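# Provided below are the primary sequence and the corresponding predicted coordinates.
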Amino acid sequence: MSSKTEFASKIGLVAATVGSAVGLGNIWRFPAVTQEGGGSAFLLLYVLCVLLLGIPVMLAEFSLGRGTKSDSIGAFRKYTPGKPWWIVGALAVLASYLILCFYTVVEGWTLEYLFESITGGLFSGLGDADIAESRAFFGGRMEEYVCSDLRPLIFVFVAIIVNMAVLLGGVQKGIERLSNVLMPVLFVILAVLMGVSLTLPDASEGVSYFLSPDFSKVTPKVVFSALGQAFFSLSLGMGILITYSSYYPKDTRLARTSVIVAVLSLLVAVMVGLVIFPAVKSFGLDDESLQGATLVFVTLPEIFARLPLPQLWSALFFVLLAVAAVTSCISIAEVSVATLQDRCHLSRTKAVLCVMLPLTVLSALPSLSFGSLEGLKIFGMTVFDFLDNFSTNILLPIVSFGVCLYVGHVLPKSYLHDELTNNGTVRSPLNSVSAFVIRWLAPVLIALVFIYDFL
Ligand code: PHE
């Protein structure tokens, strides 16, 4: 039964959790929100949000998962059976599955770009003379790779198969083993790309943009966006951390683990900033939007095309992106897998198949929403945008709010203390401050962001 499953080693559980946290949020959301929010003024706010709010809320999820050793619905049932708190867990499962549907699509794109980088297809037909036109060139490629019908679908299916293979391997032999290998790879690639970017001409302009704050751009909206980014990039409110921490052994030091995960996730975001901003400034591409798909699929290939060995840098970058996407995607799929195993007593194989096979249809819809289903609108949004907005702007804050209320006010005060100190056997300096943040500060701020988003 999955409730007895545990990660085999401390390094493995950290690697898996960092693998979940470090995802497209760090790589393609972070540069965009940083650019909008005044460079390092935003960075500073983001760091504060991660440290002051993200870590305590992460500890609330960890204590819930490790303390109950249950899936995200069972975690709310164990100490309050018969009460409706399990609905918070169910919303987490819903959010995670909706995110899984569109994240698999993006994972497919990264695999497609990786394939095209290795084979050289991404750059074929781009002569030296065309460099000035490279924006149009890579924009056209993106149309072909992302917005057509069949091509992206094929890679969505590849992504589903990759995820399924890892999940079928199980928690230790699939998720943990893969993360142990891929996380160091991710850091090495980032370090190499950072070295390349920082040695470009005029790279220092990008560095100073990224690291010297412009406080005039800081508005309430920017503060809230830093908070949203902090929560998203730590994988909060999705049931992931409840599920993964249910696989943590009882002697895991939760406070220490949360600090390591948060710091590594921050480190990746900063390293990504030091790859993107110097390169973008150096080649004068800083008027382009650094927003998600365009940044990754148009601006970055433009940069690679201007470097010697474009295929190499492009392939390295898309390996990085694929690693980030795969390790996050399996963590979010694991929420549903664990729920089916624990709630419906399915074997792991059956649970994995029940979660993954419907994706062949459910991920096809958001994928096609860039192609022939573009006209299909839900509340005025394409299927992809609807899934993204509904899950990240509505469900995630509700779940985080619910987790804080539950751990902070419904469970006895001693619960969090016992989990953080491993029943009084280790000291946890984060104890009292976490309790305060979980009980009062985080719920108030999450509610404010939620209301603000609606105004
Ligand atoms: N922290 C993850 C990221 O930055 C959040 C996430 C995890 C999103 C899993 C989707 C799936 O991308």
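Arrived safely, thanks for sending.

# in the stretch 201-350 of the chain, what residue spans correspond to helices?
203-211, 220-233, 240-245, 254-282, 292-294, 300-306, 310-344, 348-356 (DSSP state H, counting those that start in this stretch).

# and among those helices, the most buried is which?
Comparing the helices of the stretch 201-350 of the chain by mean neighbour count (mean count of other Cβ atoms under 10 Å), helix 240-245 comes out on top with a mean of 29. Using the backbone N, CA and C atoms, a C-beta is placed for each residue, glycine as well.

# summarise which helices and strands that one is packed against.
Counting contacts by 3 or more Cβ pairs under 8 Å, 6 or more residues apart in numbering; DSSP states H and E, helix 240-245 packs against helix 10-21, helix 55-68, helix 86-119, helix 310-344.

# packing partners of the first one?
Packing contacts for helix 10-21, counted by 3+ Cβ pairs under 8 Å, 6+ apart, involve helix 177-198, helix 240-245, helix 254-282, helix 310-344.

# neighbouring contacts of the second one?
This means helix 240-245. Residues outside helix 240-245 that contact it (Cβ atoms under 8 Å, 6 or more residues apart in numbering) are 13, 16-17, 20, 58, 61-66, 71-72, 75, 89, 92, 96, 234-235, 252, 254, 331-332, 334-335, 338, 403.

# what subset of those residues is buried?
Buried members of these, counted by 16 or more other Cβ atoms under 10 Å: 13, 16-17, 20, 58, 61-66, 71-72, 75, 89, 92, 96, 234-235, 252, 254, 331-332, 334-335, 338, 403.

# when you check the ligand, which of the residues you listed turn up near it?
Ser20, Ser235, Ser331, Ile332 (Cβ under 6 Å from any ligand atom).

# what's the helix or strand hosting Leu44 packed up against?
According to DSSP states H and E, Leu44 maps onto helix 40-49. In terms of contacts (3+ Cβ pairs under 8 Å, 6+ apart), helix 40-49 is packed against helix 30-36, helix 203-211, helix 220-233, helix 254-282.

# wait, which of those helices is closest to Ala159?
Evaluated with Cβ to Cβ, the helices and strands packed on helix 40-49 place helix 220-233 nearest to Ala159, the distance being 20.2 Å.

# off-centre distance for the closest one?
Centroid displacement of helix 220-233 relative to its chain, using Cα atoms, centre = their mean, to the nearest Å, is 14 Å.

# now it - C-alpha only, PDB.
Extracted in PDB, the C-alpha atoms of helix 220-233 (Å, rounded to 0.1, in the frame of the first residue of the first chain):
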ATOM      1  CA  PRO A 220       0.500  46.300  -4.700                       C
ATOM      2  CA  LYS A 221       0.100  44.300  -7.900                       C
ATOM      3  CA  VAL A 222       3.800  43.500  -8.000                       C
ATOM      4  CA  VAL A 223       3.800  42.400  -4.400                       C
ATOM      5  CA  PHE A 224       0.900  40.100  -5.000                       C
ATOM      6  CA  SER A 225       2.500  38.700  -8.100                       C
ATOM      7  CA  ALA A 226       5.700  38.000  -6.100                       C
ATOM      8  CA  LEU A 227       3.600  36.100  -3.600                       C
ATOM      9  CA  GLY A 228       1.800  34.200  -6.300                       C
ATOM     10  CA  GLN A 229       5.100  33.300  -8.000                       C
ATOM     11  CA  ALA A 230       6.600  32.200  -4.600                       C
ATOM     12  CA  PHE A 231       3.700  29.900  -4.000                       C
ATOM     13  CA  PHE A 232       3.500  28.500  -7.500                       C
ATOM     14  CA  SER A 233       7.300  27.900  -7.700                       C
END
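
# contacting residues around the closest residue to the ligand within the stretch 351-455 of the chain?
Residue nearest to the ligand within the stretch 351-455 of the chain: Thr392 (8.6 Å; Cβ to the nearest ligand atom). By Cβ under 8 Å, 6+ apart, the residues touching Thr392 are Ile99, Gly228, Phe232.

# pLDDT weak spots in this structure?
The chain contains residues with pLDDT under 70 at 1-3, 128-130.

# how many neighbours does Phe379 have?
Residue neighbour count, defined by other Cβ atoms under 10 Å, stands at 8 for Phe379.

# surely it and Leu387 touch.
No. Counting by Cβ atoms under 8 Å, Phe379 does not reach Leu387; the two are 11.5 Å apart.

# identify the contacts common to these two.
Common neighbours of Phe379 and Leu387 are not found (criterion: Cβ under 8 Å, 6+ apart).

# residue numbers of the stretch 51-200 of the chain in contact with the ligand?
Ile99, Tyr103.

# tell me how many other residues crowd the residue nearest to Phe224 when sequence neighbours are not counted.
Using Cβ to Cβ, 6 or more residues apart in numbering and skipping the chain neighbours, the partner closest in space to Phe224 is Val449 (4.6 Å). Number of residues near Val449 (other Cβ under 10 Å) recorded here: 21.

# again with the one 3 residues further on
When counting by other Cβ under 10 Å, one arrives at 12 neighbours for Tyr452.

# quick check: it touching Val223?
No. Using Cβ under 8 Å, Tyr452 is not in contact with Val223; the gap is 9.6 Å.

# ok so, going back, Leu420 is nearest to which of the helices and strands packed on helix 240-245?
helix 55-68 (6.5 Å).

# tell me the helices and strands packed up against the closest one.
Using 3+ Cβ pairs under 8 Å, 6+ apart, helix 55-68 sits against helix 74-77, helix 240-245, helix 254-282, helix 396-405, helix 413-420, helix 431-436.

# can I get the fifth one as PDB, trimmed to CA atoms?
I take that to be helix 413-420. Extracted in PDB, the C-alpha atoms of helix 413-420 (Å, rounded to 0.1, in the frame of the first residue of the first chain):
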ATOM      1  CA  LYS A 413      -1.600  23.300  18.400                       C
ATOM      2  CA  SER A 414       0.700  20.500  19.400                       C
ATOM      3  CA  TYR A 415       0.300  18.800  16.000                       C
ATOM      4  CA  LEU A 416       2.500  21.200  14.100                       C
ATOM      5  CA  HIS A 417       5.000  21.400  17.000                       C
ATOM      6  CA  ASP A 418       5.300  17.600  17.200                       C
ATOM      7  CA  GLU A 419       5.800  17.300  13.500                       C
ATOM      8  CA  LEU A 420       8.400  20.000  13.300                       C
END
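
# tell me what that helix is packed against?
Secondary-structure packing of helix 413-420 (3+ Cβ pairs under 8 Å, 6+ apart): helix 55-68, helix 254-282, helix 431-436.

# buried sites along it?
Buried positions in helix 413-420, judged by neighbour count with 16+ other Cβ under 10 Å: Tyr415, Leu416, His417, Glu419, Leu420.

# one more: the last one?
For helix 431-436, a neighbour-count test (16+ other Cβ under 10 Å) marks Asn431, Ser434, Ala435 as buried.

# any chance of those in TSV, with distance to the ligand too?
Listed next are those as TSV, based on distance: Cβ to the nearest ligand atom, whole Å:
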residue	distance to the ligand
Asn431	25
Ser434	20
Ala435	25
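
# what's the neighbour count on Ala60?
29.

# now the nearest residue in space to it that is not next to it in sequence. Its backbone dihedrals?
The shortest distance from Ala60 to any non-neighbouring residue, by Cβ to Cβ, 6+ apart, is to Val407 (4.2 Å). Note on Val407: backbone dihedrals following degrees, to the nearest 10 are phi -70, psi -40.
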